[in-house]
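>>> Could you look at this predicted model? Sequence included:
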2 protein chains.
Amino acid sequence: MLTKSSTELVRQRNSVLVLSVLRRHGALAHTEISDFTGLSSATISAITADLERAQIIEKSEQQAASGRGRPRVLLRQRRDCGYLIVIVISSDAVQYSLVDYAGKLIDRFSEERSHDPSGAARFVAGVQAGLLRILDRSRISQEKVLLISISSKGLVASDEPVLLWSPIFGSDQIDFESALRPEWQAKVILDNETLLVAAALGAREEIAKGADFRSLAALSLGHSIGLGIVRRGNQTGQEISAANFGHMLHMAGGGLCRCGTRGCIEAYAGFYAILRTAFEVPLDTIPAKFVPVAELDKIAARARQGHRTSAFAFRQAGLALGNGLSRMLSLTERMPIAITGPGTRYYDLLRQGIEEGLGQSHVVRMEGMPEIRVVPDEPILVFEGHLNRALSVIDQDIVISGGQGGE
Amino acid sequence: MLTKSSTELVRQRNSVLVLSVLRRHGALAHTEISDFTGLSSATISAITADLERAQIIEKSEQQAASGRGRPRVLLRQRRDCGYLIVIVISSDAVQYSLVDYAGKLIDRFSEERSHDPSGAARFVAGVQAGLLRILDRSRISQEKVLLISISSKGLVASDEPVLLWSPIFGSDQIDFESALRPEWQAKVILDNETLLVAAALGAREEIAKGADFRSLAALSLGHSIGLGIVRRGNQTGQEISAANFGHMLHMAGGGLCRCGTRGCIEAYAGFYAILRTAFEVPLDTIPAKFVPVAELDKIAARARQGHRTSAFAFRQAGLALGNGLSRMLSLTERMPIAITGPGTRYYDLLRQGIEEGLGQSHVVRMEGMPEIRVVPDEPILVFEGHLNRALSVIDQDIVISGGQGGE
DNA sequence: ATTTTTTTCTCGACAGTCGAGAAATTAACT
DNA sequence: AGTTAATTTCTCGACTGTCGAGAAAAAAAT
């Protein structure tokens, strides 16, 4: 549905544009902002004056004059304009990070997650406590927290911050919005972890390639399997789509998955599945809840030394991944695939299976093998994705609300 | 990538908005346009005056005054403002339609496609001839044709009007842009046929449900299998994604498909595949190029009378479709599925298999069976999709170019 | 001290939207 | 017939926004 436009909307959009340029390039002078945005100098004056009045940006102290002429006045975000809390939920820990408006990490700690199945209610209480703790450690007032950005593996609702299904809590849903709402007035967003990885890689790609960038998929290999897809939208930045890839059907009536269904990709390519195949345990055995990486390393070592069954386990995993990716590519355009997560250390063993699995489909035979790259440092990408996404949401909100009520 | 906004852009967008409202509701008075768009009366005056001057819309003749007060002056598109040619390519014919700017069908004819494999080059020549013919029959000058909107089954490039793969020409690519470029200055767009069906259904849904509409998939059953997905985008109307669903891998190393790959969905659910299974022909037999519907009707009749192998063929087909759909749903959000195409007449036989196939996956077990509806009149939907899409593209272009050079 | 160079700020012109009220036009009422 | 009420369209001034040009500021070079 189209909607009406007004001159005020123009100002809003251009203000967001200025903030985003500032975000991408750091502190900038008047002239540089004008160059990057394509807006005229007069407009930059007007917009920056507004933003300064609203205490969103500030003039930085005079730096050593670089050349002759009137020295530049650099503009930068006010760090104390607002804060962001990032919560990364993984299977064994929850990491809390406090970030200022300029994107600088102020504080961070992790809390081990006990593996008791006490469920969602207690976990939510833990998150509430964690939030208060990070706030307390840094002595920042609660109102200054503009956004809480959460990520988890699993399936996330598209419009609300609700975790629909996760490998940790199963289908015990968690609604973070309502869990935090009375105390926190900050906006709450929730994203699939691998989606953030894809978003981060997409942003990097876009900086490198510019308009040539079209789309990209990120595949995360670990205890569970995740997939994120980033596509460059028509105009509105880049449109991002999450995925429940790990539990896509690989083979009807196949091996039993942790989720209780048979034949999921994860039941072939998850760590526990590789273990199961390597030890020739029947495929309908209820899988182990958690597999130490050391265990898998041993199997990998054996496989590399030529041990048949071990190599076969990785090959089967690759095949499931390859088939799944080929199915994904049947529904989207051709795109490069980035593989991340702890499973990348076994890529040498998985590769042949992945390629074979891909090769069995029409799209790949027609368009050729997609580019596959390995990007091991997943946690960095997750955090980067959080920042990209969260800070641009904050920019948006801050401009719409016209600063902190000051006008 | 964000881009700068200006006041002129505001006018453009609002002009497009006015045109789109006119499109949806037919001839409207000043006041009504104001109501529908949310723009003030003064703005409507300014915009409509511009559009009238540019000869895009016109005041209609006074109608019988309906109530008291100053009588309304209805505004409507000028039919002769420009024309659209719609080309629907199907396996046995090519249909040409000439439509005026108001969306009214002026002329239409079909040309049988000879089944000779003389290939793409000759086909392109046929299209060129067809275009000239429809132009000639209606005595409309070539410059007045603003857009040529083409649809076909198969895989379409996302940014150019290039047919990458089709059941008819295989991977003999056809670039319609360059094929028509010297003679025709009209814009050329190409869409997957089932995508247009999905777009049309999505538009209907959006009218019925308003903002509640989120997304929808259309599945077309016939000699080949097609899938289109429509999602409501963030702001920019609805974003649409094409799919190569028919040749998604159903089962590795499975039955031989027309495309030369093994195990495609089509190799189980296409008409020829159902025939093959019903007659217990080995699955690696090179499939028939074309299957008369009457032939399939016979099998269906036998199946309905309880004939085992025939019923099995439909069940297998349903299973492949259900598995495929479940895989699609693993990569997207939950959405209703509309089934169209000639294959809908066998839906009673396919249904059980489809539901079983869907039920084998994690998403469906978790979120429940998606809503499935049967919408048999596919050709109408294809044409409706063409019109929706093409006319809104024309509106866009016409506003940007500021009418036909008149200012 | 003056000139050159570079950056920032300011002013008037222009484009767009909006609200209010004037103008137009018909039906209904006395 | 004359007047009033209702309804629609048009117009005017106010406001917001962007832009180009040139003034003002400030440091280096001459």
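In hand now; what should we look at?
>>> Ignoring the adjacent residues along the chain, who's closest to residue A:156?
Nearest-residue entry for residue A:156: residue A:192, 5.0 Å, with adjacent residues in sequence omitted and distances by CB to CB, 6 or more residues apart in numbering or on different chains. The way it works is simple: take the backbone N, C-alpha and C, and place the C-beta from them, glycine included.
>>> any idea how far residue A:11 lies from DNA strand C?
11 Å (CB to the nearest atom of the strand, to the nearest Å).
>>> who touches the residue nearest to residue A:156 in this structure?
Shown here is residue A:192, whose contacts under the criterion CB atoms under 8 Å, 6 or more residues apart in numbering or on different chains are A:151-156, A:226, A:228, A:242-243.
>>> what do you get for residue A:321?
Going by CB under 8 Å, 6+ apart, residue A:321 touches A:219, A:221, A:225, A:265, A:269, A:350, A:353-354, A:357.
>>> re the thing from before, what are the bridge partners for the residue nearest to residue A:156, then?
Residues found in beta-bridge contact with residue A:192 (criterion: DSSP bridges) are residue A:152.
>>> What of residue A:94?
Residue A:94 has the following beta-bridge partners by DSSP bridges: residue A:89, residue A:111.
>>> do the one 4 residues further on as well
Using DSSP bridges, the bridge partners assigned to residue A:98 are residue A:85, residue A:107.
>>> show me the residues around it that make contact.
The neighbourhood of residue A:98, defined by CB under 8 Å, 6+ apart, consists of A:83-85, A:105-108, A:134-135, A:138, A:140.
>>> repeat for residue A:356
Applying CB under 8 Å, 6+ apart, we find residue A:356 in contact with A:318-319, A:322.
>>> next one: residue A:258
In this structure, residue A:258 makes contact with A:167, A:224, A:266-267, A:270, A:272, A:287, A:289, judged by CB under 8 Å, 6+ apart.
>>> try 7 Å
If you count contacts by CB atoms under 7 Å, 6 or more residues apart in numbering or on different chains, residue A:258 has them with A:167, A:266, A:287.
>>> mind listing the strands for the stretch 201-350 of chain A?
In chain order, the stretch 201-350 of chain A shows strands spanning A:215-221, A:225-232, A:238-241, A:337-340, with DSSP state E, counting those that start in this stretch as the criterion.
>>> and of the contacts of residue A:258, the nearest to chain B?
residue A:266 (9.0 Å; CB to the nearest CB).
>>> What is the three-state secondary structure of the residue in the stretch 251-400 of chain A positioned nearest to DNA strand D?
Taking CB to the nearest atom of the strand as the measure, the point where the stretch 251-400 of chain A comes nearest DNA strand D is residue A:399, at 10.5 Å. Local secondary structure at residue A:399 is given as helix here, using DSSP: H, G, I helix; E, B strand; the rest coil.
>>> Sort out which residues of stretch A:177-191 are buried, please.
A:177, A:179-180, A:184, A:186-191 (16 or more other CB atoms under 10 Å in any protein chain shown).
>>> Averaging pLDDT per element, find the lowest-scoring helix or strand in chain A.
strand A:238-241 (a mean of 68; mean pLDDT, DSSP states H and E).
>>> With neighbour count as new columns, can the contacts of residue A:192 be given to me in TSV?
Listed next are the contacts of residue A:192 as TSV, based on neighbours: other CB atoms under 10 Å in any protein chain shown:
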residue	neighbour count
A:151	26
A:152	23
A:153	23
A:154	24
A:155	24
A:156	24
A:226	27
A:228	29
A:242	24
A:243	24
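>>> and of those residues, the nearest to chain B?
Proximity of the contacts of residue A:192 to chain B, judged by CB to the nearest CB, is greatest for residue A:243, which lies at 4.9 Å.
>>> which ones are touching the nearest residue to residue A:252 once chain neighbours are set aside?
Spatial nearest neighbour of residue A:252, chain neighbours left out: residue B:360 (5.1 Å); criterion: CB to CB, 6+ apart. Taking CB under 7 Å, 6+ apart as the criterion, residue B:360 is in contact with A:249, A:252, A:263, B:323, B:326.
>>> quick one, phi/psi of the second one?
Dihedral pair for residue A:252: phi -60, psi 130, per degrees, to the nearest 10.
>>> any idea how far it is from residue B:316?
Relative to residue B:316, residue A:252 is positioned 12 Å away (CB to CB, to the nearest Å).
>>> Between those two, which contacts overlap?
When contacts are counted by CB under 7 Å, 6+ apart, residue A:252 and residue B:316 are jointly contacted by no residue.
>>> more neighbours, those two?
A side-by-side neighbour count of residue A:252 and residue B:316, using other CB atoms under 10 Å in any protein chain shown, places residue B:316 first with 21 against 18.
>>> Local confidence estimate at that one?
Note for residue B:316: predicted pLDDT of 96.
>>> How much space separates it from residue A:338?
Between residue B:316 and residue A:338 the distance, using CB to CB, works out to 37 Å.
>>> do residue A:228 as well
Noted for residue A:228: a distance of 9 Å to residue A:338, by CB to CB.
>>> which residues do those two both contact?
residue A:218.
>>> Check the secondary structure at the closest residue to DNA strand C within chain A for me.
Residue of chain A nearest DNA strand C, by CB to the nearest atom of the strand: residue A:69 (2.2 Å). For residue A:69, the secondary-structure state derived from three-state DSSP is coil.
>>> What about it, how many residues nearby?
In terms of burial, residue A:69 registers 7 neighbours under the definition other CB under 10 Å.
>>> how near is it to residue B:152?
Using CB to CB, we find residue A:69 at a distance of 61 Å from residue B:152.
>>> The residue nearest the centre of chain A: what secondary structure?
Nearest to the centroid of the C-alpha atoms of chain A, with distances taken as CA atoms, centre = their mean, sits residue A:196, at 1.2 Å. The local conformation at residue A:196, judged by three-state DSSP, is helix.
>>> now do the one 3 residues further on
Of the three states, residue A:199 takes helix according to three-state DSSP.
>>> give the contact list for it.
Residues near residue A:199 by CB under 7 Å, 6+ apart: A:230, A:240, A:385, A:388-389.
>>> again, but for residue A:176
Applying CB under 7 Å, 6+ apart, one finds that residue A:176 lies in contact with A:150, A:161, A:188, A:190.
>>> Quick check: phi and psi on the second one?
Dihedral pair for residue A:161: phi -80, psi 70, per degrees, to the nearest 10.
>>> Pull the contacting residues for the nearest residue to residue A:266 once chain neighbours are set aside.
Setting aside the residues directly before and after it, residue A:266 is nearest to residue A:246 in space (CB to CB, 6+ apart), at 4.2 Å. With contacts defined as CB under 7 Å, 6+ apart, the neighbours of residue A:246 are A:224-226, A:264-266.
>>> ok, 10 Å please
With contact taken as CB atoms under 10 Å, 6 or more residues apart in numbering or on different chains, residue A:246 is in contact with A:153-155, A:167, A:194, A:219-227, A:257-259, A:264-267, A:269-270, A:324, B:330, B:362.
>>> Filter those residues down to the buried ones and express that as a PyMOL selection.
Burial among the contacts of residue A:246 is assessed by 16+ other CB under 10 Å; the matching PyMOL selection reads:
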select buried, (chain A and resi 153+154+155+167+194+219+220+221+222+223+224+225+226+227+257+258+259+264+265+266+267+269+270+324) or (chain B and resi 330+362)
